[in-house]
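Q: Need coordinates for the following:
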Amino acid sequence: MRTICKRLFLFFAALLLLLAGITAYLWHGAANCVPVLNYHQINDTENNALTVKVEQFDKQMQYLADNGYHTITPADMLDCWENGKQLPDKPVIITFDDGYRDNYINAFPILEKYGLKASIFLITDYVSLYPNYVTWDMAKEMQESGLIDLESHTLSHTELTGLESSEDVVRQLQESRNALQYRLGKPAFFIAYPCGSYDDQVEQLTKDAGYRAAFTVNYGLASPDEQRFVLDRIPIFGCNQHTFLRFKLRIVLAPVLSPLSTLKTNLQNSGHTWLSNLILMP
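A: Presented below is the predicted three-dimensional model:
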């Protein structure tokens with residue numbers, strides 16, 4: 001009995017050392033990676049998977065400000081990877097998809113309060129058209145604050161992989177850039193794919209349209225080792241699911257959770273559902 005206990009002890013001790021080594025390796029490999037937070041709506045009226053309550057968002061932003069995180073833009077990140085620009089300690093990118101009006105009403109004042117930068121990916125045909133989306137005047141005001149970077153989420157939020165022709169894809173990509181240039185006087189160099197949908201052709205057309213990089217909805221850290229047109233983000237939404245604790249876990253443990261999430265997805269895609277279910281994600 002004593003021998004069995006000793007062997008079990010040695011086994012679990014070795015397992016812990018192995019896990020510690022793997023964790024240290026993953027943290028080291030994430031040295032040049034950047035967490036890119038992915039939000040949509042910030043309000044207290046919706047109860048859908050895309051919404052974070054205002055109080056929760058304020059608490060999350062305060063956590064970033066109080067714990068030494070420094071918000072940067074996608075351009076800052078690419079300039080670091082490609083041109084050697086120095087990034088601040090603990091860099092993080094805050095992004096919003098779609099351009100909901102509550103980004104201006106609720107999120108923007110909180111970002112101002114803590115002096116945090118963010119990027120909003122606009123569906124340009126929706127701006128100043130639908131009442132639950134920002135107006136161009138709102139977009140200008142946020143841009144002029146120096147805190148908000150406005151980028152593209154295409155013309156009409158159509159899944160690019162579902163369009164009939166490459167010309168239709170190019171129109172979504174290019175004309176949204178044109179609208180941002182015309183309305184805000186700035187070129188858009190970054191895009192978030194609608195619904196995170198992309199393929200090899202979409203990647204190439206996005207590059208050809210003049211973008212520097214594109215973001216998906218895949219969970220993970222944005223890494224210099226990734227293809228520039230399939231950059232990962234960390235989803236922070238789901239009003240009944242993403243508590244403050246889950247937010248902290250996703251930020252702090254991102255170097256470890258990112259490869260685990262990739263493994264979980266690969267297992268699901270290869271039909272090993274029961275194995276993927278064993279990997280629990282916060």
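Q: what residue ranges in this structure score low on pLDDT?
A: 1-31, 238-242 (pLDDT under 70).
Q: Tell me where it has helices.
A: In the chain, the helices defined using DSSP state H lie at 2-29, 54-66, 74-83, 101-102, 108-114, 136-144, 166-184, 200-208, 244-252, 254-269, 273-276.
Q: Please identify the most buried of those.
A: Ranked by mean neighbour count, the helices of the chain are led by helix 101-102 with a mean of 20 (mean count of other CB atoms under 10 Å). Placement of C-beta: from N, CA and C, glycine included.
Q: Show me how far it is from its chain's centre.
A: Centroid separation for helix 101-102 versus its chain: 19 Å, with CA atoms, centre = their mean, to the nearest Å.
Q: now for it, which elements pack on it?
A: Helix 101-102 makes packing contacts with no helix or strand when contacts are defined by 3 or more CB pairs under 8 Å, 6 or more residues apart in numbering; DSSP states H and E.
Q: outside of that helix, which residues touch it?
A: 41-43, 131-134, 138 (CB atoms under 8 Å, 6 or more residues apart in numbering).
Q: swap the cut-off to 10 Å and go again
A: With CB atoms under 10 Å, 6 or more residues apart in numbering as the test, helix 101-102 has contacts from 40-46, 51-52, 54, 57, 96, 108, 130-135, 138.
Q: Contacts only, for the residue nearest to Leu249 when sequence neighbours are not counted.
A: Excluding the flanking residues, the one nearest Leu249 by CB to CB, 6 or more residues apart in numbering is Pro282, at 4.1 Å. The contact partners of Pro282, taken as CB under 10 Å, 6+ apart, are 241-243, 245-250, 253, 257.
Q: Same question for Val92.
A: Contacts of Val92 (CB under 10 Å, 6+ apart): 34-37, 64, 69-72, 116-117, 234, 251, 254.
Q: any idea how far it is from Leu249?
A: Going from Val92 to Leu249 by CB to CB, to the nearest Å gives 15 Å.
Q: do the same with Asp66
A: 17 Å.
Q: how many other residues sit next to Asn277?
A: Using other CB atoms under 10 Å, Asn277 has 11 other residues around it.
Q: For it, grab phi and psi.
A: The phi/psi pair for Asn277 (degrees, to the nearest 10) reads phi -70, psi -20.
Q: Tell me which residues touch Pro35, please.
A: Neighbours of Pro35 in contact, by CB under 10 Å, 6+ apart: 69, 90-94, 220-222, 232-234, 236, 250-252, 254-255, 258.
Q: repeat that with 8 Å
A: Pro35 touches 92-93, 221-222, 234, 251, 254, counting by CB under 8 Å, 6+ apart.
Q: One more: Ser166?
A: 201, 205.
Q: Grab the nearest non-local neighbour of Pro187.
A: Gln181 (5.5 Å).
Q: The one you found and Met77, how far apart?
A: The gap separating Gln181 from Met77 is 22 Å, by CB to CB.
Q: Quick test: name the residue nearest the centre of this structure.
A: Arg233 (3.0 Å; CA atoms, centre = their mean).
Q: Quick check: bridge partners of that residue?
A: Tyr219 (DSSP bridges).
Q: Surely it is in contact with Leu37?
A: Yes: at 7.0 Å, Arg233 counts as touching Leu37 under the criterion of CB atoms under 8 Å.
Q: Find the residues that touch each one of those two.
A: By CB under 8 Å, 6+ apart, the residues touching both Arg233 and Leu37 are Thr95.
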